[in-house]
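# heads up, no residue letters with this:
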């Protein structure tokens, strides 16, 4: 008789749930402003350009924060780094309720961006610590799906709070959720080698990559040298990730911050009530996160080389964004909802895999730094794109045809992922692993 398969344990998936919950809260706090835009632009007399400046303030500080948090988390560890990040963004989210001017919104959005920028460097590093390669994309897809759940919950929760208590309480209530999460994080999280709740069998499962390819899976007691920023900028692997984020992140920020306004302007959607088109679109992103992560993980389990599995998943995602071009000719609200839902789902499938290539290509001691650099590149693109969006929408709004402005933006959205995939493919054909060589006097150097 065959021996029964021994269970490895599931504590790592509880950790994944905590990361998912943090990302959910992150995106609820991030999205509140976009959902309140029709009301706030009347209260504060915003133009589309004014609103684009507020979005730019968030993304600019997000870019700076990504650069800083990535390095800080690699040095102080995931547990403390995440604690600082969530504390800052929760306070910033609640401070929105005290703002009385456009300049005030620029200030609090900057602080929010600075705090929220720690989520992905911390989350991806934690996934690298807690999951072997064959499960990593699925785990990252799961944590990244929190952005989708947050985006889907927002259109239900925010109008409900707005109707009962007003716009200030929408910021206060959603901002306070981060402090509840912190209680569980401080109690239940630690790196695998220090986690007493983890079984020996599950710890062996998590650290299996150590013996297979020499990578550092737990970041505990390791002797790999640190890779400085200067060296990271010379590596093709770093630039592959940065290019991928620069060309794709602005599209997600557009979907997050302008999609409610798009449906309100073009289809007269009432955002003071739960918005089913938005709920359906943002719910579709969950399918993309899990589907994209599952696809590459399934291919790896089938024996595909890791780099080939990741690249195929990225290519499929890039191709699935393209049909959003057809929305310019669609006359039905629900046809547009379907096209946008497919595109945002593909966006999140891309995200699950683009993040997964970082722990694939870098030792864990450099993961947060590289995620931070890529996040900074994505945020820089997300600073520049709103300038274009604000100009285009104000131009076409003044001409009485704002829908044409959105059609131009959709054309850019459709092509950016495929361009990113082509560049990544030529920069890193096989996504080779960066090897750290230790020197007792120098702290380590890296070679591709």
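Sure, I can see it. Treat the numbers as computed from the prediction; the structure is a model and nothing was measured.
# tell me what the helix or strand where residue 383 lies is packed against?
Taking DSSP states H and E as the definition, one finds residue 383 inside helix 364-398. Contacts defined by 3 or more C-beta pairs under 8 Å, 6 or more residues apart in numbering; DSSP states H and E place helix 364-398 against helix 48-76, helix 119-130, helix 229-232, helix 236-267, helix 333-361, helix 402-427. Where C-beta positions appear, they are placed from N, C-alpha and C, glycine not excepted.
# nearest to residue 15, of those helices?
helix 119-130 (5.2 Å; C-beta to C-beta).
# Quick check: what element follows that closest one along the chain?
Scanning forward in sequence from helix 119-130 by DSSP H and E, the next helix or strand is helix 133-165.
# What residues sit buried inside the very next helix or strand once past that following helix?
Downstream of helix 133-165, the first helix or strand assigned by DSSP H and E is helix 167-188. Neighbour-count burial for helix 167-188, counted by 16 or more other C-beta atoms under 10 Å, picks out 167, 170-175, 177-178, 181-182, 185.
# and helix 167-188, what does it pack onto?
helix 11-43, helix 78-95, helix 133-165.
# Columns distance to residue 18 and mean neighbour count on top of the helices and strands packed on helix 364-398, output as TSV?
Output for these, formatted as TSV (distance: least, C-beta to C-beta, whole Å; neighbours: other C-beta atoms under 10 Å):
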stretch	distance to residue 18	mean neighbour count
helix 48-76	16	22
helix 119-130	9	29
helix 229-232	28	15
helix 236-267	23	22
helix 333-361	17	25
helix 402-427	29	18
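# Mean neighbour count and mean pLDDT added to the helices and strands packed on helix 167-188, as TSV?
Output for those, formatted as TSV (neighbours: other C-beta atoms under 10 Å; pLDDT from 0 to 100):
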stretch	mean neighbour count	mean pLDDT
helix 11-43	21	89
helix 78-95	22	93
helix 133-165	23	81
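# out of those, which comes closest to residue 298?
helix 133-165 (8.7 Å).
# helices or strands next to the closest one in the packing?
helix 11-43, helix 119-130, helix 167-188, helix 276-301, helix 306-321, helix 333-361.
# What residues does residue 26 make contact with?
89, 116, 119, 146-147, 150 (C-beta atoms under 8 Å, 6 or more residues apart in numbering).
# To clarify, my last question referred to residue 83.
Counting by C-beta under 8 Å, 6+ apart, residue 83 touches 182, 185-186.
# just residue 74 next, same as before
125, 226, 365-369.
# Same check on residue 13?
By C-beta under 8 Å, 6+ apart, the contact set of residue 13 is residue 139.
# now do 10 Å
Residue 13 is in contact with 20, 130-131, 135, 138-139, 142, counting by C-beta atoms under 10 Å, 6 or more residues apart in numbering.
# and which of these is nearest residue 382?
residue 20 (22.7 Å).
# ok, the closest one to residue 31 distance?
Residue 20 is 16 Å from residue 31, where distance means C-beta to C-beta, to the nearest Å.
# same thing with residue 121?
Residue 121 is 21 Å from residue 31, by C-beta to C-beta.
# And for residue 430?
38 Å.
# Could you list the low-pLDDT ranges of the stretch 151-300 of the chain?
209-226, 229, 271-272, 274 (pLDDT under 70).
# can you put the buried residues of helix 167-188 in CSV and add distance to residue 72?
Output for these, formatted as CSV (distance: C-beta to C-beta, whole Å):
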residue, distance to residue 72
167, 33
170, 31
171, 27
172, 28
173, 29
174, 26
175, 23
177, 24
178, 18
181, 20
182, 18
185, 17
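# Just flag the most distant two among these.
167 and 185 (28.9 Å).
# shouldn't residue 406 be in contact with residue 267?
No. Taking C-beta atoms under 10 Å as the definition, residue 406 is not a contact partner of residue 267, at 11.0 Å.
# tell me, what's touching those two both at once?
Common neighbours of residue 406 and residue 267 (C-beta under 10 Å, 6+ apart) do not exist.
# Assign residue 429 to helix, strand or coil.
coil (DSSP: H, G, I helix; E, B strand; the rest coil).
# Who are the contact partners of it?
Contacts of residue 429 (C-beta under 10 Å, 6+ apart): 236, 240, 307, 311.
# I'd guessed the last one sits against residue 296; true?
Meaning residue 311. Yes. At 8.8 Å, residue 311 and residue 296 qualify as touching, with contact defined as C-beta under 10 Å.
# Please report the distance of the nearest residue to residue 320 once chain neighbours are set aside from residue 319.
In this structure, residue 320 finds its nearest non-sequential neighbour in residue 346, 3.5 Å apart by C-beta to C-beta, 6 or more residues apart in numbering. Taking C-beta to C-beta as the measure, residue 346 falls 8 Å from residue 319.
# between those two, what contacts are shared?
residue 417.
# For residue 397, give me the pLDDT.
pLDDT for residue 397: 80.
# list the contacts for the residue lying closest to it once chain neighbours are set aside?
Leaving aside its sequence neighbours, residue 397 sits nearest to residue 48 (C-beta to C-beta, 6+ apart; 6.5 Å). For residue 48, the contacting residues are 37, 41, 258, 261, 265, 386, 389-398, 402, 405, by C-beta under 10 Å, 6+ apart.
# Repeat that for residue 419.
Residue 419 neighbours (C-beta under 10 Å, 6+ apart): 243, 247-248, 318.
# could you redo the last one with a cut-off of 8 Å?
Counting by C-beta under 8 Å, 6+ apart, residue 419 touches residue 247.
# re earlier: pipe the contacts of residue 83 into JSON lines and attach distance to residue 102 per row.
Listed next are the contacts of residue 83 as JSON lines, based on distance: C-beta to C-beta, whole Å:
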{"residue": "182", "distance to residue 102": "31"}
{"residue": "185", "distance to residue 102": "34"}
{"residue": "186", "distance to residue 102": "37"}
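# follow-up on the earlier one: which of residue 311 and residue 296 has more residues huddled nearby?
Neighbour count, other C-beta atoms under 10 Å: between residue 311 and residue 296, residue 296 has more, with 31 against 22.
# these two touch, right, the more buried one and residue 357?
No. Using C-beta atoms under 8 Å as the test, residue 296 is too far from residue 357 to be in contact (9.6 Å).
# list residues touching both of the two?
residue 310.
# returning to what we had before: tell me which of the helices and strands packed on helix 133-165 approaches residue 200 most closely.
helix 11-43 (11.9 Å).
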